[in-house]
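Asks: Any chance you could fold what I've pasted below:
(one chain, ligands or ions: 1)
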Amino acid sequence: MRPRRSTEAHSTGRLAELVCSNSFKSDRLPSAPAILKAELRRFGSLVLDVGDRSAVPAGSALAVDRDLFARGITARIEKEPLIEVVRDEASRLPDSGETIVATGPLTSAPLAETLGSITGAGRLYFYDAISPVVSDDSISSPPLFAASRYGKGGAGDYLNVPLDEKTYLRFVDSILAAELYPVHEFEESLFFDGCLPIEEIARRGRNTLAFGPMKPVGLIDPRTGKMPHAVIQLRRENREGTAWNLVGCQSRMRRGEQERIFRTLPGLEKAEFLRYGSLHRNTYLCSPALLEDDLTLKQAPHIRIAGQITGVEGYLESTTVGLVAGIAASRRLAGLPPLRWPDETAVGALLRHLRESDAATFQPTNIHFGLFPRLSGKKRRKRERNEAIHARAAARLESFLSETAARR
Ligand SMILES: Cc1cc2nc3c(=O)[nH]c(=O)nc-3n(C[C@H](O)[C@H](O)[C@H](O)COP(=O)(O)OP(=O)(O)OC[C@H]3O[C@@H](n4cnc5c(N)ncnc54)[C@H](O)[C@@H]3O)c2cc1C
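Replies: Got it, this is the predicted structure:
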């Protein structure tokens, strides 16, 4: 719809305008973003092709000249004879015909309303409040203990970080002094109760967190037989329990500050951050409840959802879901059966997050190692684990490609 109608974050009429950082994150294997890039390149991704051609020096990361990049993508799309670019705001959706909606985190209000009427308003969100996620092999138990509040739910559903008063107050004071990412003007309205970052709650009083997201009631520390002064709960982020979500710790603290401050807590001294806390204006759907495996809406099977609005986060994660949606749509038009992307690949791991996450606690995610299925066999060191996940992903992708070529 740009430039006829812009958004709060865009400033040009070009396609693929990067609204903030010009970095596509690490391109050094075996990091999770690099595995995803390798897979996207394998599929001839337009975004990565133009990204590689507009790269600027950025150490081990792939960063791009944002003007060259957006110009390159726009030129390639406009030159494509099978594509007609119509620069208009869509407010309604067609009643039939293969349709893909990829209107992103700043989807305009009339279309959001239309989507909400199909999905039910409670299943369309307008902001994300993301808590950090840490890997299971980087946290220590004890002092962490497994327990659900008042013993409700499975004993292994939550891990708890018990804090005495001194540790709690030191933690609160560090949060109050932490450096924060700036808030965009259009995001200020996000600070309402129920969606508060941890530092905003701490600002309301040194004990407010202990009566809020860090309340200890219903939790007894087995080492002392007593209720701690405060507790941070870690909720299982995936079935395998390789990744744990620090409940209620959504935050605008800088990433380095999140690492420094959470690592002062008992049992989290060596925590490996798979995902950092954040808070954004972000329109997205509760995909696990709303989407079929092929990204079509259960309530309207001719409509497929793609990009960040599905509940992934970041430039390349969004383009991944675009690529998958495009392939799925073209296969359906060609009368071919849908593909099931292997969970062991980075693309498949992102799709599994959209498909299998708990709908009640669904949060958007960038690619990280906690999304990949657990490795079998012995416990490994971080580097060895990442290399093994990469090797498995690369092998599985190649077998998937040969199986698909043989089947079509
Ligand atoms: C302020 C901000 C900062 C960000 N910073 C980063 C960052 O540093 N790094 C990172 O990796 N990611 C960042 N992101 C996320 C990143 O922008 C997204 O992951 C990515 O752009 C999503 O791609 P997409 O194609 O799904 O949506 P978009 O890139 O948003 O594209 C969707 C397009 O649809 C248009 N549109 C919306 N509604 C309608 C409508 N009704 N009719 C027609 N067109 C419509 C929009 O104008 C937009 O051009 C940021 C997002 C925001 C909002």
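Asks: Report the separation between the closest residue to Arg223 other than its chain neighbours and Met227.
Replies: Once flanking residues are discounted, Arg223 sits nearest to Pro142: 6.0 Å by C-beta to C-beta, 6 or more residues apart in numbering. Every C-beta, even on glycine, is put in place using the N, C-alpha and C of the backbone. For Pro142, the distance to Met227 equals 16 Å [C-beta to C-beta, to the nearest Å].
Asks: So for the two, which residue has more residues nearby?
Replies: A direct count of neighbours by other C-beta atoms under 10 Å for Pro142 and Met227 places Met227 higher, at 15 against 11.
Asks: Can you say which helix or strand has the closest residue in space to the more buried one that isn't next to it in sequence in it?
Replies: Once flanking residues are discounted, Met227 sits nearest to Pro216: 4.9 Å by C-beta to C-beta, 6+ apart. Under DSSP states H and E, no helix or strand contains Pro216.
Asks: what about Thr296, neighbour count?
Replies: 23.
Asks: whoops, Gly120 was the one
Replies: 12.
Asks: what's near enough to touch it?
Replies: By C-beta atoms under 8 Å, 6 or more residues apart in numbering, the contact list for Gly120 is empty.
Asks: Okay, the closest residue to Leu265 other than its chain neighbours and Ser148: tell me how far apart.
Replies: Nearest non-adjacent residue to Leu265, counting by C-beta to C-beta, 6+ apart: Val161, 5.4 Å away. From Val161 across to Ser148, the span is 15 Å (C-beta to C-beta).
Asks: Okay, buried residues for the lengthiest helix in the chain please.
Replies: Taking DSSP state H as the criterion, the chain has its longest helix at helix 382-407. For helix 382-407, burial by neighbour count (16 or more other C-beta atoms under 10 Å) applies to 385-386, 388-390, 392-394, 396-397, 400.
Asks: Show me what that helix packs onto, helices and strands only.
Replies: helix 32-42 (3 or more C-beta pairs under 8 Å, 6 or more residues apart in numbering; DSSP states H and E).
Asks: who touches the next helix or strand after the helix it packs on?
Replies: Next helix or strand after helix 32-42 toward the C-terminus (DSSP H and E): helix 46-53. Helix 46-53 is contacted from outside by 16, 24, 37, 40-41, 62, 64, 68-69, 72-73, 76-77, 315-316, 319, 322, using C-beta under 8 Å, 6+ apart.
Asks: Please report phi then psi for the closest residue to Pro301 other than its chain neighbours.
Replies: In this structure, Pro301 finds its nearest non-sequential neighbour in Glu292, 7.3 Å apart by C-beta to C-beta, 6+ apart. Phi and psi for Glu292, reported as degrees, to the nearest 10, are phi -80, psi 170.
Asks: Run a quick neighbour tally on Glu292.
Replies: For Glu292, using other C-beta under 10 Å, the count is 14.
Asks: I'd say it and Lys298 touch.
Replies: Yes - between Glu292 and Lys298 there is a contact at 5.9 Å, judged by C-beta atoms under 8 Å.
Asks: Next, give phi and psi for the residue of the stretch 251-400 of the chain found nearest the ligand.
Replies: With C-beta to the nearest ligand atom as the measure, Gly307 is the residue of the stretch 251-400 of the chain nearest to the ligand, at 2.3 Å. The phi/psi pair for Gly307 (degrees, to the nearest 10) reads phi 80, psi -160.
Asks: Enumerate every residue touching it.
Replies: 102-104, 318-319, 321-322.
Asks: again, only this time at 6 Å
Replies: Applying C-beta atoms under 6 Å, 6 or more residues apart in numbering, we find Gly307 in contact with 102, 104, 318, 321-322.
Asks: Among those, which lie within strands?
Replies: Here DSSP state E is the test, and the contacts of Gly307 give no hits in strands at all.
Asks: Who wins on neighbours among these?
Replies: Of all those, the highest neighbour tally under other C-beta under 10 Å goes to Val321, namely 25 neighbours.
Asks: pretty sure it is in contact with Gln308, am I right?
Replies: No - taking contacts as C-beta atoms under 6 Å, Val321 lies outside contact range of Gln308: 7.9 Å.
Asks: Quick check: residues of the stretch 151-300 of the chain near the ligand?
Replies: Proximity of the stretch 151-300 of the chain to the ligand (C-beta under 6 Å from any ligand atom) is limited to residues His184.
Asks: got the residue ranges for the helices in the stretch 151-300 of the chain?
Replies: Assigned by DSSP state H, counting those that start in this stretch, the helices in the stretch 151-300 of the chain fall at 165-177, 198-203, 208-211, 255-262, 287-290.
Asks: Quick one: list the elements packing against the fourth one.
Replies: Yep, that's helix 255-262 we're talking about. Under the contact criterion of 3 or more C-beta pairs under 6 Å, 6 or more residues apart in numbering; DSSP states H and E, helix 255-262 touches no helix or strand at all.
Asks: quick one: it to chain centroid distance?
Replies: Distance of helix 255-262 from the chain centroid (C-alpha atoms, centre = their mean, to the nearest Å) equals 19 Å.
Asks: Tally up the residues packed near the residue nearest to Leu265, please.
Replies: Residues lying near Val161 (other C-beta under 10 Å) number 24.
Asks: Now do the same contact list for it.
Replies: 144, 232, 265, 267.
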